[in-house]
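J.: here is my input, please return the structure:
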Amino acid sequence: MKIGIACLVGAYILSQFYRAFLAVLTPDLGADLGATAGDLAVASGLWFLAFAALQIPVGAALDRLGPRRTAAALLGLAGGGGALVFALAQTPQHVMIAMTLIGAGCSPVLMAAYVIFARVYPPRIFATLAGATIGLGSLGNVLSAAPLAALVQAVGWRVSLGGLAAVTVLVAVVLWVAVRDPAPADAGPARGSVLDLLRMPVLWPVLLMMFAGYGPAASLRGLWAGPYARDLYGADAGTIGWVTLAMGLAMVAGSFAYGPADRLFGTRKWVVFCGNAVVLGALLLLAWDPGAGLVRATALLAVAGFFGSAFAMIMAHGRAFVPPHLTGRGVTLVNMFGIGGAGLMQFASRPIHAGASDPEAAFRALFLFFAAIVALGLLAYLFARDSRD
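T.: Numbering: from 1, shown residues only. Coordinates of the predicted model:
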């Protein structure tokens, strides 16, 4: 079981890599394919929406077929195939198709690990295990920054993506061999659906916080940090790599810091609330003066990344209310709101960015847009019932 979990963490590194690597490829895809920042916003949004759209069927498959077959099949076929399509892309539309496939392929990986945690380990350590998984998986965030920029400069983006396609298929084969499915839940009725979960009022504030809490940091790290550094500060691919690396490392550290925080402070709700209040403050400072300096901007992006890494804690908050026989559907429902929110925000951010009169006004509007979403999420979360295992 532990070997299988380690393999799922490796697959999640790939998932984190794929959701964040477009920021570094911005200059190359613009030069070779004519892809604009708006085109990449759509491509990145399609990754998240494809990922989110599959969460309901993935949840059912995790409960019925188990993590092994669900994760290995989708990652190998859709994830590996999508990376190959990306490597062969000739137009921005090909990149959009590739990102849709990759998003579908990555959709079951993290939730497969969470189902194992929920069924094998004590509930009180779920947040710690979930946070550690995200923290280790966020190394993909790091690899998609300066290391990817160096690789692309050395061999080109097409060869890089071709190699990633091969790695993705190899990881899927390892999952098929190494992952062991946990015993099915023996509590609760034999049948159930996500509709049973949506009828639970206690889940809705948590779902709304997941929607508002994950999308801004993910959108900035995976998409807008690159154009921001390029358009306002003239950053090249190498500099963009270092800016995104700083934010990526902050997100890794944040995931580990959030993991045991519920046991340390005796609450999940207020850990999440206070952390996202700091995110709101960082976004407002970025909006106040987007062009104040690259060092200041990078530091504020890192603050938003660190305190915006409450994904695992919000997941643990919601999972505590889910009946055991609906564990797969429950964790994927919460995940759908987070990933779907990120996708919708990236679609919505395109016209906001394009409609501004100059780059500084464009990014001020973007930061205010993300700040407003976080503020609304915090307002809804005030009505959440705390959960402790």
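J.: only C-alpha atoms from now on, for both contacts and neighbour counts.
T.: OK.
J.: longest single helix anywhere in the protein?
T.: Ranked by residue count, the top helix of the chain under DSSP state H comes out as helix 327-354.
J.: what's the burial count for Arg158?
T.: 16 (other Cα atoms under 10 Å).
J.: give the contact list for the spatially closest residue to Ala320 that is not a sequence neighbour.
T.: Spatial nearest neighbour of Ala320, chain neighbours left out: Ser387 (6.4 Å); criterion: Cα to Cα, 6 or more residues apart in numbering. Applying Cα atoms under 8 Å, 6 or more residues apart in numbering, we find Ser387 in contact with 267-269, 317-318, 320-321.
J.: compare those and tell me which has the most neighbours.
T.: That'd be His317 among these, by other Cα under 10 Å, with 28 neighbours.
J.: phi, psi for it please.
T.: Backbone torsions of His317, given as degrees, to the nearest 10, read phi -60, psi -50.
J.: give me the pLDDT value at it.
T.: Here the pLDDT value assigned to His317 is 94.
J.: go ahead and confirm it touches Val271.
T.: No: using Cα atoms under 8 Å, His317 makes no contact with Val271, being 10.7 Å away.
J.: any idea how far Thr298 is from the residue lying closest to Leu294 once chain neighbours are set aside?
T.: Spatial nearest neighbour of Leu294, chain neighbours left out: Tyr233 (6.8 Å); criterion: Cα to Cα, 6+ apart. According to Cα to Cα, to the nearest Å, Tyr233 and Thr298 sit 11 Å apart.
J.: of those two, who's got more company?
T.: Taking other Cα under 10 Å, Tyr233 and Thr298 do not tie; Thr298 has more neighbours (20 against 14).
J.: what sits against that one?
T.: 243, 246-247.
J.: where does pLDDT dip in this structure?
T.: Applying pLDDT under 70 to the chain flags the ranges 185-192, 389.
J.: for Gly318, see how far away the residue nearest to Ala320 is.
T.: On the measure of Cα to Cα, Ser387 and Gly318 end up 8 Å apart.
J.: can you pull the phi/psi pair for the residue nearest to Leu294?
T.: phi -120, psi 0.
J.: against Phe86, how distant is it?
T.: 28 Å.
J.: cool, Val115 as well?
T.: Taking Cα to Cα, one finds Val115 at 31 Å from Phe86.
J.: do Val169 as well
T.: From Val169 over to Phe86 (counting by Cα to Cα), the distance is 15 Å.
J.: the more surrounded of those two?
T.: Phe86 (25 against 21).
J.: so that one sits against Leu161, correct?
T.: Yes: look at Phe86 against Leu161 with Cα under 8 Å: they come within range, at 6.8 Å.
J.: pull the number of nearby residues for Val152.
T.: 19.
J.: that should have said Pro260, apologies.
T.: Counted with other Cα under 10 Å, Pro260 comes out at 22.
J.: secondary structure element for the residue nearest to it when sequence neighbours are not counted?
T.: Once flanking residues are discounted, Pro260 sits nearest to Thr128: 5.0 Å by Cα to Cα, 6+ apart. For Thr128, the host element (DSSP states H and E) is helix 126-137.
J.: just Ala83 next, same as before
T.: Per DSSP H and E: helix 80-87 holds Ala83.
J.: mind giving me the packing neighbours of the helix or strand just after that helix?
T.: Counting by DSSP H and E, the element after helix 80-87 in chain order, helix or strand, is helix 92-106. The contact analysis (3 or more Cα pairs under 8 Å, 6 or more residues apart in numbering; DSSP states H and E) places helix 92-106 against helix 2-20, helix 37-53, helix 67-74, helix 80-87.
J.: of these, which is nearest Val120?
T.: Val120 lies closest, by Cα to Cα, to one member of the helices and strands packed on helix 92-106: helix 2-20, at 10.8 Å.
J.: can you show me the helices along the stretch 101-250 of the chain?
T.: 109-120, 126-137, 139-143, 146-155, 157-178, 194-198, 204-219, 225-233, 237-258 (DSSP state H, counting those that start in this stretch).
J.: make TSV from those and add distance to Ser44 to it.
T.: Output for the helices of the stretch 101-250 of the chain, formatted as TSV (distance: least, Cα to Cα, whole Å):
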stretch	distance to Ser44
helix 109-120	18
helix 126-137	19
helix 139-143	14
helix 146-155	17
helix 157-178	16
helix 194-198	27
helix 204-219	9
helix 225-233	13
helix 237-258	16
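J.: out of those, which comes closest to Val9?
T.: helix 126-137 (5.9 Å).
J.: mind saving the C-alpha coords of that closest one as CSV?
T.: Extracted in CSV, the C-alpha atoms of helix 126-137 (Å, rounded to 0.1, in the frame of the first residue of the first chain):
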residue,chain,number,x,y,z
PHE,A,126,-6.2,12.8,7.0
ALA,A,127,-5.3,16.5,6.7
THR,A,128,-1.7,15.8,7.5
LEU,A,129,-1.5,13.0,4.9
ALA,A,130,-3.4,15.1,2.4
GLY,A,131,-1.2,18.1,3.0
ALA,A,132,2.0,16.1,2.7
THR,A,133,0.8,14.6,-0.6
ILE,A,134,0.1,18.0,-2.0
GLY,A,135,3.4,19.4,-0.6
LEU,A,136,5.4,16.6,-2.3
GLY,A,137,3.3,16.8,-5.4
